[in-house]
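**Student:** need a 3D model of the following:
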Amino acid sequence: MPREVNVDALLTRIRNDFPNERYSVTPSVASIFIDESLPGGAELKTIMNDLTGMEVVVIPVDAQKNKESNRVFREINKRLDRQGLALIGKFRSEKEKVDVWMIQAEVISDLVVVNQTNSYIYVVRFKGDMSKRKIDELIHPENRPILEYLYRLKAH
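**Tutor:** Predicted coordinates for the structure are as follows:
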């Protein structure tokens with residue numbers, strides 16, 4: 001029998017272990033700013049409408065110390081893996097690394113996106129009932145432009 005995943009406790013430990021800023025975002029307010037004309041916009045809006053909450057944890061990292069940034073990124077992903085979340089998508093570029101994790105179930109209650117840039121690591125949690133099909137549509141590579149919207153939440 002798989003153990004129960006406690007994303008709340010996991011994020012609390014991450015916030016306690018790494019200096020950070022934390023934001024709670026109301027999904028209905030965040031969804032107002034989604035550009036549905038971008039690839040993936042409709043998929044993201046559908047998912048946002050089903051959410052009950054969002055949390056963004058912003059961990060500053062020294063852009064000059066890439067090793068430290070990579071270590072923190074790996075450590076957060078290792079914790080998500082040990083907690084029993086499933087890695088369902090990855091994206092790598094010169095500017096960022098993105099890993100998408102979820103609790104494996106027919107209806108997903110938590111989706112966690114870990115994004116590493118030169119200056120920050122963002123841990124974005126989406127909470128609510130989401131279908132695996134909708135998430136698969138959202139993380140499809142052609143929908144990459146809309147995913148950048150999620151990282152703009154840090155500034156608002």
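**Student:** what's near enough to touch residue 7?
**Tutor:** Residue 7 sits next to 83, 85, 103, 110, 112, 125, 127 when contact means C-beta atoms under 8 Å, 6 or more residues apart in numbering. To be clear about C-beta, it is placed using only N, CA and C from the backbone, and glycine gets the same treatment.
**Student:** let's see that with 6 Å instead.
**Tutor:** By C-beta atoms under 6 Å, 6 or more residues apart in numbering, the contact set of residue 7 is residue 110.
**Student:** residue 85 too?
**Tutor:** Going by C-beta under 6 Å, 6+ apart, residue 85 touches 101, 103.
**Student:** phi first, then psi, for it.
**Tutor:** Note on residue 85: backbone dihedrals following degrees, to the nearest 10 are phi -80, psi 150.
**Student:** contact partners for residue 99?
**Tutor:** Neighbouring residues of residue 99 by C-beta under 6 Å, 6+ apart: 77, 90, 114.
**Student:** contacting residues around the second one?
**Tutor:** What it means is residue 90. With contacts defined as C-beta under 6 Å, 6+ apart, residue 90 is in contact with residue 99.
**Student:** quick check: bridge partners of it?
**Tutor:** When bridges are called by DSSP bridges, residue 90 pairs up with residue 99.
**Student:** please report the distance of it from residue 9.
**Tutor:** For residue 90, the distance to residue 9 (C-beta to C-beta, to the nearest Å) stands at 25 Å.
**Student:** please name the nearest non-neighbouring residue to residue 57.
**Tutor:** Distances taken as C-beta to C-beta, 6 or more residues apart in numbering put residue 123 closest to residue 57, at 4.2 Å, once the chain neighbours are dropped.
**Student:** using CSV, list the CA coordinates for the longest helix anywhere in the chain.
**Tutor:** When the chain is parsed with DSSP state H, its longest helix is helix 66-83. What follows is helix 66-83, C-alpha atoms only, in CSV (Å, rounded to 0.1, in the frame of the first residue of the first chain):
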residue,chain,number,x,y,z
ASN,A,66,25.8,27.8,-9.8
LYS,A,67,27.0,24.8,-7.8
GLU,A,68,24.9,25.9,-4.8
SER,A,69,21.9,26.6,-6.9
ASN,A,70,22.1,23.1,-8.5
ARG,A,71,22.5,21.5,-5.1
VAL,A,72,19.4,23.2,-3.8
PHE,A,73,17.4,22.3,-6.9
ARG,A,74,18.5,18.6,-6.7
GLU,A,75,17.8,18.5,-2.9
ILE,A,76,14.2,19.8,-3.4
ASN,A,77,13.6,17.3,-6.2
LYS,A,78,15.1,14.5,-4.1
ARG,A,79,12.7,15.3,-1.3
LEU,A,80,9.7,15.3,-3.7
ASP,A,81,10.8,11.9,-5.0
ARG,A,82,11.3,10.5,-1.5
GLN,A,83,7.9,11.7,-0.4
